[in-house]
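Asker: just to be clear, the model below is a prediction. Sequence and coordinates:
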There are 2 protein chains.
Amino acid sequence: MNIDGKQVAADLRQSLAQEVAELKQQTGITPGLTVVLVGEDPASQVYVRNKVKQTQEVGMISNEFRMAADTSEEALLAKLDELNNDPAVHGILVQLPLPKHINESRIIESIVPEKDVDGFHAMNSGRLMNGEEGALVPCTPQGCVILAKKHLGDDLSGKHAVVIGRSNIVGKPVAMLLLQESCTVTIAHSRTKDLPALCREADILVAAVGRPEMVKGDWIKPGATVIDVGINRIATEDSKSRLVGDVDFAEAEKVAAAITPVPGGVGPMTIACLLKNTIEAARRFGVRPQ
Amino acid sequence: MNIDGKQVAADLRQSLAQEVAELKQQTGITPGLTVVLVGEDPASQVYVRNKVKQTQEVGMISNEFRMAADTSEEALLAKLDELNNDPAVHGILVQLPLPKHINESRIIESIVPEKDVDGFHAMNSGRLMNGEEGALVPCTPQGCVILAKKHLGDDLSGKHAVVIGRSNIVGKPVAMLLLQESCTVTIAHSRTKDLPALCREADILVAAVGRPEMVKGDWIKPGATVIDVGINRIATEDSKSRLVGDVDFAEAEKVAAAITPVPGGVGPMTIACLLKNTIEAARRFGVRPQ
């Protein structure tokens, strides 16, 4: 079966909209998300437009700052300092990638961890890894676990999860989340030997490498749950293009018990989880507007 | 073969002593480690005594603060604040466990990450996980990797490392370090199914569960490197006691290519790596004494 991420994300947004309404009524706080976009990258503009739209749809306050591609690191830091100190801003998201002259990790670390709704600040990574309270958890990994549970139920304990990919944005945080769910967790990557055999051990297989259709049907244990994080654009014969994941979907769906399609799987979950994080940040650290 | 942790630790301390001497000569800085001990736990007193002794032996400044078992959390926080602001203190270590009325994680997070030579602060965990510069890495995990490299050489890339145990102090950080070394890493724990079979896949097996002699000889792949982090005291027939690891050493040494004994394996590495962290902290953030 397909795990319908589009539907799960829509359901999540609906329950978030209700949470926002209740929070407003009970505390007077309306969660506010501010997105900062530096430069004119077309893909980033599309993402940001979607974020703004969905933020507003659940009843949250959305702000957007666009800064020129030649904005200095100092100017961006000054902007973030202002947002850090603005009590109406509960979540700050700096759209990546940034122009090359700006030090990305310096920027990420300059956002106060309590407003870092992307969950990329070392303080949030560390809280996640240590299982401490107060972590804001990266959005795509959260989405992966929600989708896995959609098929498997809430108890993932004892399942062997194999994560292909060790990025800070997906691989490592999703591994930590699955470990928290008491999965046995294996992190594989480009240096892994006999990756197909390793993948065949997985009850839950998370592919997050960014290589189109790399995971073949015979890499998958019959009955496994496959979460495909890849979004790769490939050329088709009619000189057009289409999106495919890191998993060869046509082969994999015959073997897996459940699989997330691309598009329409993990993708839609990311923004929904971003809204979830912002509401959490508002709940924890929000200040009633004066 | 046995991996002689006692010897490796002694060699490391010798090279650290030389580093300290050079640092002193070049910058005027003498790295300073301050240990805070609350209460009278006898095991903690032994540890602290060893730390003080070894700190002095490599030419560093050692300070020790003993506080009564009924010290309030506020008094301890005030002490740590003082140490955080003392430029002659490069490393701060609060000996764990703390008395029950003190919130351990609040204490750990109150140490500035730059002086947290135990590497337990979420900021250090996160920097380790994200592969960022400036992490102070927990000591026992560092020791594990040094000992594995002692046998296998510096390139661990592509080896399958299985870590049994998912604690914040050993399991998770050692997994992150081995991942940084480009191992394929599996984290196993009490909920793992068929642990023996999983262990038999390991080129590097790290046991950090605290269960005496749990890992049997037939859990080990012939030729594997076994790092035994456990230190368990068990009763012997003559109503005395002895220390054993998490691995059944007598069985395992027949199968493994290399194994760390208990005692004399990982144990001695921990304090040596603590000194190493303190020197690193002094180098990075040290202020020349006035």
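Answerer: Alright, I've got the coordinates.

Asker: tell me which parts of the stretch 101-250 of chain A are close to chain B?
Answerer: A:105, A:121-132, A:157-158, A:160, A:166, A:168, A:172, A:175-176, A:179, A:182-189, A:191-193, A:198 (CB under 8 Å from any CB of the partner chain). All C-beta atoms are positioned from the backbone trio N, CA, C, and that covers glycine.

Asker: please redo it, this time with the cut-off set to 6 Å
Answerer: Contacts of the stretch 101-250 of chain A with chain B, taken as CB under 6 Å from any CB of the partner chain, map to A:122-123, A:125-127, A:129-130, A:132, A:157-158, A:166, A:168, A:172, A:179, A:182, A:184-188, A:191-193.

Asker: among the residues you listed, which are in helices?
Answerer: Those of these mapping onto helices are A:122-123, A:125-127, A:129-130, A:172, A:179, per DSSP state H.

Asker: helices of the stretch 51-200 of chain A, residue ranges please.
Answerer: Counting by DSSP state H, counting those that start in this stretch, the segments of the stretch 51-200 of chain A that form helices are A:73-84, A:104-110, A:122-130, A:139-152, A:171-180, A:195-199.

Asker: dump these to JSON lines, plus mean neighbour count.
Answerer: Putting those into JSON lines (neighbours: other CB atoms under 10 Å in any protein chain shown) gives the following:
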{"stretch": "helix A:73-84", "mean neighbour count": "16"}
{"stretch": "helix A:104-110", "mean neighbour count": "17"}
{"stretch": "helix A:122-130", "mean neighbour count": "26"}
{"stretch": "helix A:139-152", "mean neighbour count": "23"}
{"stretch": "helix A:171-180", "mean neighbour count": "25"}
{"stretch": "helix A:195-199", "mean neighbour count": "17"}
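
Asker: I'd like those helices laid out as TSV, including mean pLDDT and distance to B:G217.
Answerer: Listed next are those as TSV, based on pLDDT from 0 to 100; distance: least, CB to CB, whole Å:
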stretch	mean pLDDT	distance to B:G217
helix A:73-84	98	56
helix A:104-110	96	45
helix A:122-130	98	33
helix A:139-152	98	35
helix A:171-180	98	28
helix A:195-199	98	24
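
Asker: can you add distance to B:S239 and give those back as TSV?
Answerer: As requested, the helices of the stretch 51-200 of chain A are exported to TSV (distance: least, CB to CB, whole Å):
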stretch	distance to B:S239
helix A:73-84	63
helix A:104-110	56
helix A:122-130	40
helix A:139-152	50
helix A:171-180	41
helix A:195-199	48
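
Asker: do you know which of the ones you listed lies nearest B:G39?
Answerer: Proximity to B:G39 (CB to CB) singles out helix A:122-130 among the helices of the stretch 51-200 of chain A, at 23.8 Å.

Asker: got the angle between the closest one and helix A:171-180?
Answerer: For helix A:122-130 against helix A:171-180, the angle by axes from the mean of the first three to the mean of the last three CA atoms, to 10 degrees is 40 degrees.

Asker: what are the buried residues along stretch A:181-194?
Answerer: By neighbour count, with 16 or more other CB atoms under 10 Å in any protein chain shown as the criterion, the buried positions of stretch A:181-194 are A:181-189, A:192.

Asker: same question, stretch A:215-222
Answerer: A:215, A:219-221.

Asker: counting only strands, which of the buried residues of stretch A:181-194 make the cut?
Answerer: Counting by DSSP state E, the buried residues of stretch A:181-194 place A:184-188 in strands.

Asker: so which of these is the closest to B:I234?
Answerer: The nearest member of these to B:I234, counting by CB to CB, is A:T184 at 27.5 Å.

Asker: and that closest one, bridged to which residues?
Answerer: A:H160 (DSSP bridges).

Asker: thought it was touching A:V162?
Answerer: No - counting by CB atoms under 6 Å, A:T184 does not reach A:V162; the two are 9.4 Å apart.

Asker: okay, the ones in strands among the buried residues of stretch A:181-194 in JSON lines with pLDDT next?
Answerer: Below are these laid out as JSON lines (pLDDT from 0 to 100):
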{"residue": "A:T184", "pLDDT": "98"}
{"residue": "A:V185", "pLDDT": "99"}
{"residue": "A:T186", "pLDDT": "98"}
{"residue": "A:I187", "pLDDT": "98"}
{"residue": "A:A188", "pLDDT": "98"}
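
Asker: now for those residues: which two are most distant?
Answerer: Maximum distance among those (CB to CB): 13.3 Å, for A:T184 and A:A188.

Asker: quick one: A:G210 from chain B, how far?
Answerer: According to CB to the nearest CB, to the nearest Å, A:G210 stands 18 Å off from chain B.

Asker: strands along chain A, start to end?
Answerer: Remark: strands assigned in chain A by DSSP E are A:32-38, A:61-67, A:91-94, A:160-164, A:184-188, A:204-207, A:225-228, A:232-235, A:241-244, A:258-259.

Asker: mind putting those strands into JSON lines with distance to A:H151?
Answerer: Output for these, formatted as JSON lines (distance: least, CB to CB, whole Å):
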{"stretch": "strand A:32-38", "distance to A:H151": "30"}
{"stretch": "strand A:61-67", "distance to A:H151": "32"}
{"stretch": "strand A:91-94", "distance to A:H151": "29"}
{"stretch": "strand A:160-164", "distance to A:H151": "13"}
{"stretch": "strand A:184-188", "distance to A:H151": "18"}
{"stretch": "strand A:204-207", "distance to A:H151": "9"}
{"stretch": "strand A:225-228", "distance to A:H151": "5"}
{"stretch": "strand A:232-235", "distance to A:H151": "23"}
{"stretch": "strand A:241-244", "distance to A:H151": "21"}
{"stretch": "strand A:258-259", "distance to A:H151": "4"}
